[in-house]
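[1] what's the 3D shape of this:
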Amino acid sequence: MLRSPGIARPTALAAFFDLKDSAPGCIHDKGSVCPTAAANARLAAWHRNRRRELIGHPSLLANPAWDMLIDLFLHAESGRQVSTSALCIGSGVPMSTALRLIAKLCESRIVARNPDPMDGRRKFITLPAQTLEGLNEYFCGMTR
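    Predicted structure coming up:
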């Protein structure tokens, strides 16, 4: 087979079967959000909201910690900061529950809490580099 016309050397055949490490469009600078991952995260968030609309009982179908991570990931893509209160509201659970979840996520170093330089009363919640890369990997993997 390797001697057939059109394939001069075994390296030409190997190049034909070259495998890619990541899905198309999943190349990004470290510390930034991959556009493909962001598109998949938006789709995942849409599916989660749609499921709640169609089935009902959102409190039974909620995963607020995951919803918070998706929200932070999508805000990181656009370069917008998320305050603690905004993240709590977006989680869809009572404020006290959301604050406890944020505290647990901070303790686990899955998210970071940073003071607002303009207003000492407010804190911003951000994704550390390791979490951001994990979410990039997860959401890019949805296209494979």
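[2] residue boundaries of the helices in the chain?
    All helices of the chain, identified by DSSP state H, fall at 10-16, 35-55, 58-61, 64-78, 84-91, 95-107, 129-140.
[3] Averaged pLDDT, the first one. What do you get?
    The reference is to helix 10-16. For helix 10-16, mean pLDDT is 42.
[4] of the helices of the chain, which approaches Pro115 most closely?
    Nearest to Pro115 among those is helix 84-91; the distance by Cβ to Cβ comes to 10.8 Å. (C-beta placed from N, C-alpha, C; glycine too.)
[5] Report all helices and strands that that closest one contacts.
    Counting contacts by 3 or more Cβ pairs under 8 Å, 6 or more residues apart in numbering; DSSP states H and E, helix 84-91 packs against helix 64-78, helix 95-107, strand 123-126.
[6] And Ile70, how far from Gly120?
    Going from Ile70 to Gly120 by Cβ to Cβ, to the nearest Å gives 29 Å.
[7] got JSON lines for the helices of the chain, with distance to Asp116 and mean neighbour count too?
    Listed next are those as JSON lines, based on distance: least, Cβ to Cβ, whole Å; neighbours: other Cβ atoms under 10 Å:
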{"stretch": "helix 10-16", "distance to Asp116": "53", "mean neighbour count": "10"}
{"stretch": "helix 35-55", "distance to Asp116": "25", "mean neighbour count": "15"}
{"stretch": "helix 58-61", "distance to Asp116": "30", "mean neighbour count": "11"}
{"stretch": "helix 64-78", "distance to Asp116": "15", "mean neighbour count": "19"}
{"stretch": "helix 84-91", "distance to Asp116": "10", "mean neighbour count": "18"}
{"stretch": "helix 95-107", "distance to Asp116": "15", "mean neighbour count": "15"}
{"stretch": "helix 129-140", "distance to Asp116": "20", "mean neighbour count": "18"}
